[in-house]
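A.B. asks: got a predicted structure here, sequence first:
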Amino acid sequence: MTPHTGPGAVVDAVAELQLAELQLAELHTSLSSPISDSMNFLNEVAQRYPDAISLAAGRPYEGFLEIEAVTRHIETYRTHLRERYGHDEAQVRRTMLQYGRTKGIIHDLVARHLAVDEGITADPESIVVTVGCQEALYLTLRALRRTERDVLLAVVPSYVGLTGAAQLADMRVLPVRTSDEGIDFDHLAAVVARAKADGLRPRGCYVVADFANPTGTSLDLDTRERLLRAAEEHDFLILEDNPYGFFGDGSAPLPTLKALDRAQRVVYLGSFAKTGLPGARVGYVVADQWVAGPGGGRSRLADQLAKIKSMLTVNTSPVAQAVIGGKLLEHDCSLRAANAREIRVYRDNLRMVLDGLAARFPQGSRPAVTWNVPRGGFFVVLTLPFVAGDDLLEESALRHGVLWTPMHHFYGDGRPRREIRLSVSHLTPEEITEGLDRLAAFARAQAAPVTEVAR
Ligand SMILES: Cc1ncc(COP(=O)(O)O)c(C=O)c1O
């Protein structure tokens, strides 16, 4: 028999192979959830319409990003290691370029930043420096979720990354309604009572107290105090996520929940994406709660989170930490000071959007469009006189060249609503003007009676 050789043999062999095929239904449930589909859809629409003006992306402003600053920050951090810790060159190299401490190497600087900018006293040992705030969220949820009885309360609509992280951690989220104060406490109490009656354990309540994503709203001081009392009363932790707190309207900032926390109820989740450098992907978590062990010993929750991190990302890139560390050092650990220009851009952009909406949709005019008036942050929520789902987003991109985010993505139930989220954090004034003109044209076209459109 002629041996079967040559290029054809490879083709034949492949034809005989059983190529692996996996079933989505047999992969982790998070992969078939509407949340992962919605993120894909939003990214994909943005890619398909690259010329559309995006009022959808919540990205930081790029105008002040500089490559040169990165090398300068690294140099600053290197000098700090030599001068503050007396490191020789080999130790500096090891700290900045080797695998490193799981909880991070800039924890002392993060603690100083929290003291200087937020009035938060945090033991550096209670801080874990993470790969963005997103990892901090996941580590915390993963640790709190022991069994399917452990659930998370979250004020809805909430940040998509929270819902996604909870799904990855197999943790059910129980939605809590918002009210004029930001949290409907009667609903919170009812949700907790029902959960406990069903044998569930609400372990935490996720909240963005300052200029939330996606609503832009903030909790007033009374509501903050009340939430802390509710956490004690119902025995859950508060997961405070605070990426936008600096970007207020210039009035005195309110204390964070963590700054008000006397009973170690608050796990504080921080991000340097908006205040440091988004591409560095550095965030952190302050987890100063004590965890009792079997033999009477205790450890910090931060050390438990570090155990999970050691199996997930091992440690946060020390090069990235050096960049953020250097930036902190160059501004005496005050990121409020470091972000003076960004704070002005975000404030001006928000004002411009609010004024621009008022000019384009005067009260009493048609289409009847209304919006909330956040006192800071990146986001404004618009209520349209029609349901605005993914199909209309597509229409808006195609016919009017403007993108926005349908609010249903932040409810996680896929039910389209009349609200949309606008973000203008990364746009120039010219782009904002043009984007709002396009948005107004879209709203007019969509709200017009069919006969009028046909004419
Ligand atoms: C409320 C909220 N939390 C966390 C994050 C993620 O932060 P990081 O980029 O540090 O992972 C974002 C990003 O948009 C956010 O809006």
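C.D. replies: On my side now, so go ahead. Numbering: from 1, shown residues only.

A.B. asks: quickly note the distance from the residue of the chain found nearest the ligand to Ala231.
C.D. replies: Residue nearest to the ligand within the chain (C-beta to the nearest ligand atom): Gly132, separated by 2.6 Å. No exception for glycine: its C-beta is placed from N, CA and C like everyone else's. Going from Gly132 to Ala231 by C-beta to C-beta, to the nearest Å gives 25 Å.

A.B. asks: how about Gly86?
C.D. replies: 43 Å.

A.B. asks: same question, Phe185
C.D. replies: In terms of C-beta to C-beta, Phe185 sits 12 Å off from Ala231.

A.B. asks: with neighbour numbers in mind, choose between those two.
C.D. replies: Legend: neighbour count by other C-beta atoms under 10 Å for Phe185 and Ala231, higher for Ala231 (21 against 17).

A.B. asks: which residues touch that one?
C.D. replies: Cys205, Leu237, Ile238, Ala263, Arg265, Val266 (C-beta atoms under 8 Å, 6 or more residues apart in numbering).

A.B. asks: recalculate using a threshold of 6 Å.
C.D. replies: Ala231 makes contacts with Ile238, Arg265, as judged by C-beta atoms under 6 Å, 6 or more residues apart in numbering.

A.B. asks: now it. Its backbone dihedrals?
C.D. replies: phi -60, psi -40 (degrees, to the nearest 10).

A.B. asks: again with the one 10 residues further on
C.D. replies: Dihedral angles of Asp241 (phi, psi; degrees, to the nearest 10) stand at phi -110, psi 130.

A.B. asks: how about the secondary structure of the closest residue to it other than its chain neighbours?
C.D. replies: Counting by C-beta to C-beta, 6 or more residues apart in numbering, Asp241 lies nearest to Leu269, which is 4.5 Å off, once chain neighbours are set aside. At Leu269, secondary structure determined by DSSP: H, G, I helix; E, B strand; the rest coil is strand.

A.B. asks: contact partners for Pro374?
C.D. replies: Phe211, Gly216.

A.B. asks: surely it is within a helix?
C.D. replies: No: assessed with three-state DSSP, Pro374 is coil; it does not lie in a helix.

A.B. asks: and the pLDDT at it?
C.D. replies: Per-residue confidence (pLDDT) for Pro374: 96.

A.B. asks: and if you look at His4?
C.D. replies: pLDDT, read off for His4, is 56.

A.B. asks: for Ala454, same thing?
C.D. replies: At Ala454, pLDDT is 39.

A.B. asks: contacts only, for the residue nearest to Asp241.
C.D. replies: Cys133, Ala136, Leu137, Asp241, Val285.

A.B. asks: the third one: neighbour count?
C.D. replies: It stands for Leu137. When neighbours are counted by other C-beta under 10 Å, Leu137 comes out with 27.

A.B. asks: quick one: what helix or strand has Cys205 in it?
C.D. replies: Following DSSP states H and E, one finds Cys205 within strand 201-207.

A.B. asks: give the pairing partners of that strand; include direction for each.
C.D. replies: strand 150-155 (parallel), strand 237-241 (parallel) (DSSP bridges).

A.B. asks: residues contacting Arg438?
C.D. replies: Taking C-beta under 6 Å, 6+ apart as the test, what Arg438 contacts is His400, Gly401, Val402.

A.B. asks: actually Lys258, not the one I wrote
C.D. replies: Neighbours of Lys258 in contact, by C-beta under 6 Å, 6+ apart: Ile120, Glu240, Val266, Tyr268.

A.B. asks: what sits against the second one?
C.D. replies: For Glu240, the contacting residues are Leu257, Lys258, Val266, Tyr268, taking C-beta under 6 Å, 6+ apart as the criterion.

A.B. asks: check the gap between it and Pro255 for me.
C.D. replies: In terms of C-beta to C-beta, Glu240 sits 11 Å off from Pro255.

A.B. asks: what residues are bridge-paired with Leu269?
C.D. replies: Beta-bridge partners of Leu269, as defined by DSSP bridges: Asp241, Val285.

A.B. asks: what comes up buried for stretch 267-284?
C.D. replies: Under the neighbour-count criterion of 16 or more other C-beta atoms under 10 Å, stretch 267-284 has 267-278, 280-284 buried.

A.B. asks: kindly apply the preceding question to stretch 327-345 instead.
C.D. replies: Lys327, Leu328, Leu329, His331, Cys333, Leu335, Arg336, Ala338, Asn339, Glu342, Ile343, Val345.

A.B. asks: ok, now stretch 236-253?
C.D. replies: 236-248, 253.

A.B. asks: could you list every residue that touches Leu393?
C.D. replies: Contacts of Leu393 (C-beta under 6 Å, 6+ apart): Pro406.

A.B. asks: same thing with Glu233?
C.D. replies: Glu233 neighbours (C-beta under 6 Å, 6+ apart): none.

A.B. asks: list phi and psi for it.
C.D. replies: phi -60, psi -50.

A.B. asks: show the pLDDT at it.
C.D. replies: 97.

A.B. asks: same question, the one 10 residues further on
C.D. replies: Per-residue confidence (pLDDT) for Pro243: 97.

A.B. asks: ditto for Ala46
C.D. replies: 86.

A.B. asks: kindly report the same for the one 5 residues further on.
C.D. replies: At Asp51, the predicted lDDT confidence score is 94.

A.B. asks: pLDDT weak spots in the stretch 351-455 of the chain?
C.D. replies: Scanning the stretch 351-455 of the chain for pLDDT under 70 picks out 449-455.

A.B. asks: what separates Arg344 from Ala252, distance-wise?
C.D. replies: Counting by C-beta to C-beta, the gap from Arg344 to Ala252 is 17 Å.

A.B. asks: again but with Ser310, I slipped
C.D. replies: Taken as C-beta to C-beta, the span from Ser310 to Ala252 is 40 Å.

A.B. asks: tell me where the stretch 51-200 of the chain has strands.
C.D. replies: Secondary structure of the stretch 51-200 of the chain (DSSP state E, counting those that start in this stretch): strands at 53-54, 127-130, 150-155, 172-176.

A.B. asks: stretch 241-250 near the ligand anywhere?
C.D. replies: Yes: using C-beta under 6 Å from any ligand atom, stretch 241-250 reaches the ligand at Asp241, Pro243.
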